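[1] Give me a model of this one.
(one chain, ligands or ions: 1)
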Amino acid sequence: MAVDRPSDGFETRALHAGQDPERVTGAVIPPIFQTSTFAQPAVGEHLGYEYARTGNPTRTALETCLAALEGADHGIAFASGMAACDTLLRRLRPGDHIGLGDDAYGGTYRLISAIFSVHDVGHSAVDLTDAKALDTNWNPATQIVWLETPTNPLLTIVDIAAVAEVVHKHGAKLVVDNTFASPYLQQPLALGADAVVHSTTKYIGGHSDVVGGFVATNDAEWAADLRYLQNAIGAVPGPQDCFLTLRGVKTLGVRMDRHCSNARAVVDMLVDHPAVSKVLYPGLPNHPGHDIAASQMADFGGMVSFRVKGGVGVAMKIAAECRLFTLAESLGGVESLIEHPGVMTHASAAGSALEVPDDLIRVSVGIETAADLVDDLRQALDRLG
Ligand SMILES: *Cc1c(COP(=O)(O)O)cnc(C)c1O
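    Below is the predicted model of the structure:
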């Protein structure tokens, strides 16, 4: 008996979609099918699985669940977020062009500018907050527009529906990297995106203990292509990683609620602190994307960036001298992290249109006690700011 229904609420889908009790033993949790191959009853016949690069039941459970959370017909899991991005971009041919949001994840920029460029796929950095300009300046070679919202690390908000309309008018495809919002806060397919990509390493896994990627789409043809490429290229997640990601996703809703409320507490302190020159958080009413965020997201997320008055030296010291905010790349885990994007995650964007200010600090607000997080950041700002 299938326990999940498309009409179920988000948390119900997170717990049940793709996760019927296992048929042979009744195991309530989808087992880790740690096997590379599957016995076949007869030559040319199989029970749904042949070889584990092509498919594995633990991966199927994860793919079914995540597709349900994005409201998608098709979901395909990968070994990492970058593997998912790479596989998505393989639909491009020499001479094609990518319109890349001008505040994209550094690794995505590197993949496009250093790897795809070798195969004669062009790209330009585009300000996607201006859908009209995108339309007016449309490059006829553009086949894919790649959008992040909120962006990383500047937390700019892009109107997904407005960009989708322009992209479709010109016959191209819109990909939304939904890693920062997670499907709990934002579902881009419903807003017109053709494909959604995730680094499940972040909020979906949620515990900083597994790397993974995911693509969701309602485009049956593209999905078939991606499924073919998933097998042909082989950047697939192992069953243990799928299990961990699926375990993480069960609590995505309750974790995101706490990430968001803790982020609000941190922001309230930062906006009043004299060492801080600017707080970048879409939940602030004076954030330029606040109204769009309020309409396309369920809440404003757990990522906060801020600039400090003392410049790069002070920013680097503050990032290194907190007690609870661990100095580390990545985001979206239950524990709070802090980083200096200019030197760390976005070093590869130095000198490009995607370069970030050097007095910028980014925090991934975890689910520790809010008052402890606020105190930790405040003491660092008091002492070093
Ligand atoms: C981390 C991240 C990626 C890359 O994912 P990996 O799992 O690290 O390969 C892509 N996009 C965004 C927005 C990310 O934060």
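[2] Burial check on the closest residue to residue 337 other than its chain neighbours, number of neighbours?
    By the measure of C-beta to C-beta, 6 or more residues apart in numbering, the closest residue to residue 337 outside its immediate chain neighbours is residue 364, 4.4 Å from it. C-betas here are computed from N, CA, C, even on glycine. Number of residues near residue 364 (other C-beta atoms under 10 Å) recorded here: 27.
[3] Over to residue 93?
    By other C-beta under 10 Å, neighbour count at residue 93 equals 10.
[4] Roughly how far does it sit from the ligand?
    Shown here: residue 93 relative to the ligand, a distance of 23 Å by C-beta to the nearest ligand atom, to the nearest Å.
[5] Which helix or which strand is home to that residue?
    Counting by DSSP states H and E, no helix or strand carries residue 93.
[6] quick one: it from residue 58, how far?
    34 Å (C-beta to C-beta, to the nearest Å).
[7] Likewise for residue 333?
    Spatial separation of residue 333 from residue 58 under the definition C-beta to C-beta is 22 Å.
[8] Residue 12 now?
    21 Å.
[9] Equivalent analysis for residue 220, please.
    The span separating residue 220 from residue 58 equals 24 Å under the rule C-beta to C-beta.
[10] When those two are compared, which one has more neighbours?
    residue 58 (24 against 10).
[11] shouldn't the more buried one be in contact with residue 236?
    No. Checked against C-beta atoms under 8 Å, the pair residue 58 and residue 236 is beyond contact range at 11.2 Å.
[12] Alongside the ligand, which residues does this protein contribute?
    Counting by C-beta under 6 Å from any ligand atom, the positions of the chain adjacent to the ligand are 80-82, 105, 107-108, 148, 152, 177, 179-180, 199, 201-202, 211, 213.
[13] Nearest to the ligand, out of those residues: which one, please.
    The ligand has its nearest neighbour among the residues of the chain next to the ligand in residue 81, at 2.1 Å by C-beta to the nearest ligand atom.
[14] Tell me which residues touch that closest one, please.
    The contact partners of residue 81, by C-beta atoms under 8 Å, 6 or more residues apart in numbering, come to 107, 179, 197, 198, 199, 200, 201, 202, 211, 212, 213.
[15] Filter the residues you listed down to the ones in strands?
    Helix and strand membership here follows DSSP state E; of the contacts of residue 81, those in strands are 197, 198, 199, 213.
[16] For those, which entry has the maximal number of neighbours?
    Within the ones in strands among the contacts of residue 81, most neighbours by other C-beta under 10 Å means residue 198, with 31 neighbours.
[17] To what extent is the closest residue to it other than its chain neighbours buried, counted in neighbours?
    Nearest-residue entry for residue 198: residue 214, 4.4 Å, with adjacent residues in sequence omitted and distances by C-beta to C-beta, 6+ apart. When counting by other C-beta under 10 Å, one arrives at 28 neighbours for residue 214.
[18] Just the pLDDT for residue 214.
    According to the prediction, residue 214 has pLDDT 98.
[19] Specify the beta-bridge partners of it.
    The bridge-partner assignment for residue 214, based on DSSP bridges, gives residue 77, residue 198.
[20] Make a markdown table from the contacts of residue 81 and add distance to residue 122 to it.
    Compiled in a markdown table, the contacts of residue 81 are given as follows (distance: C-beta to C-beta, whole Å):
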| residue | distance to residue 122 |
| --- | --- |
| 107 | 19 |
| 179 | 24 |
| 197 | 20 |
| 198 | 26 |
| 199 | 25 |
| 200 | 29 |
| 201 | 28 |
| 202 | 29 |
| 211 | 29 |
| 212 | 29 |
| 213 | 24 |
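[21] And those, which is the shakiest by pLDDT?
    Of all these, residue 107 carries the smallest pLDDT score, 91.
[22] next SSE after the longest helix seen in the chain?
    Ranked by residue count under DSSP state H, the longest helix found in the chain is helix 252-272. Sequence order places strand 276-280 as the next helix or strand after helix 252-272, per DSSP H and E.
[23] Settle this for me: residue 128 is touching residue 102, isn't it.
    Yes. With contact taken as C-beta under 8 Å, residue 128 and residue 102 are classed as touching, separated by 7.4 Å.
[24] so what are the domain limits for this structure?
    10-249, 253-384 (automatic domain parsing).
[25] which residues touch stretch 310-329?
    Contacts of stretch 310-329 with the rest of the structure, by C-beta under 8 Å, 6+ apart, involve 275, 307-308, 335-340, 342-345, 358-361, 363, 368, 372-373, 376-377, 379-381, 383-385.
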